[in-house]
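Undergrad: Provided below are the primary sequence and the corresponding predicted coordinates.
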Amino acid sequence: MTHAYGGSLHIVNADGSGATTVRAAGDGVLTPDWSPDGRRIAFHRSGGGIYVVDVDGRSPATLVEPGAYGQTWTTDGRLVVITPELVGVQSSLLIFDHDGTRRVLARGARGEVQPTPSPNGRLVAYISWSPDSRRLAFFSYGEIWIVDVVGGSSRQLIPGADYPTWSPDGRRLAVVDEQETRPGGRLQMSVQIVGADGSDRHTVLHSGDFVALGTAWSPAARHIAVKIVTGVLPVF
């Protein structure tokens, strides 16, 4: 496993032994992410920019995209990154193919929620701003979109949801649904499952006094873990 401690990149065995520092990564390392083949690590550097470094540390880290701050790998080893949203400029969802070709997959992606590649690496789910976007505390009302990695065509999956996570077979996604209710000033949330074609959207966990920050499927797709923060958030 990897972790960034004190701005440096470290590799450690699952039992906590054998810790080594990948000095070629330099300082200011954040959110390290292994490539599927285990040979490279992508990371975000404080101050902006996505870098990739070989695990063996023989060469300095390579700057892949200046200013970008969110990255993930497809299962076949292509790197997906999100560029920052600037004044008058929408953020973009980019993909770097195996030969290094840089392509724009979609524009208007939200950077605070990581893009999520499908298990077969052919599709990427991401969050896009809805036309009437509103902010509620630090959450955003958005839309989940799916883009084809090869052809680049995109489609809206569902509105009013965040944190898409693919099921292991790629046929469904778990999402966090957000609904604002004025009485009592509570942020009501639920965890839902929806088909990859947008059908059969249904709730599997109703909100109590918690805020859901993401989900993860079990390998057999029989259970879903939910990352939550308890308490009540006011509505502004």
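TA: In hand now; what should we look at? Just so it is clear, the structure is predicted and the values come from calculations on it, not from any experiment.
Undergrad: Leu123 touches Gly152, doesn't it?
TA: No: Leu123 is beyond contact range of Gly152, at 11.4 Å (criterion: C-beta atoms under 8 Å). The C-beta positions use only the backbone N, C-alpha and C, and glycine is treated the same way.
Undergrad: Looking at these two, which has the bigger crowd around it?
TA: Using other C-beta atoms under 10 Å as the criterion, Leu123 and Gly152 rank with Leu123 on top: 19 against 12.
Undergrad: In terms of helices and strands, where is the closest residue to that one other than its chain neighbours?
TA: In this structure, Leu123 finds its nearest non-sequential neighbour in Ile146, 5.4 Å apart by C-beta to C-beta, 6 or more residues apart in numbering. Here Ile146 sits within strand 142-148, counting by DSSP states H and E.
Undergrad: Identify each buried residue in that strand, please.
TA: Applying a neighbour-count criterion of 16 or more other C-beta atoms under 10 Å, the buried positions in strand 142-148 are 142-147.
Undergrad: What is the burial count for the closest residue to Thr83 other than its chain neighbours?
TA: The shortest distance from Thr83 to any residue other than its chain neighbours is 4.7 Å, reached at Ser92 (C-beta to C-beta, 6+ apart). Applying the criterion other C-beta under 10 Å, we find 19 residues in the vicinity of Ser92.
Undergrad: got it, and the one 5 residues further on?
TA: For Asp97, the neighbour count with other C-beta under 10 Å is 15.
Undergrad: Against Leu30, how distant is it?
TA: 25 Å (C-beta to C-beta, to the nearest Å).
Undergrad: Bridged to Asp54, which residues?
TA: Residues found in beta-bridge contact with Asp54 (criterion: DSSP bridges) are Arg40.
Undergrad: residues in contact with it?
TA: The contact partners of Asp54, by C-beta atoms under 8 Å, 6 or more residues apart in numbering, come to 24, 39-40.
Undergrad: now Arg102
TA: The contact partners of Arg102, by C-beta under 8 Å, 6+ apart, come to 65, 94-96.
Undergrad: What of Val150?
TA: Arg122.
Undergrad: what are the phi and psi angles of it?
TA: Backbone torsions for Val150, taken as degrees, to the nearest 10, come to phi -80, psi -60.
Undergrad: lowest-confidence helix or strand of the protein?
TA: Across the helices and strands of the chain, mean pLDDT, DSSP states H and E gives its lowest value to strand 135-136, namely a mean of 21.
Undergrad: ok so, going back, in the contacts of Asp54, which residue is surrounded by the most others?
TA: When neighbours are counted by other C-beta under 10 Å, Arg40 leads the contacts of Asp54 with 19 neighbours.
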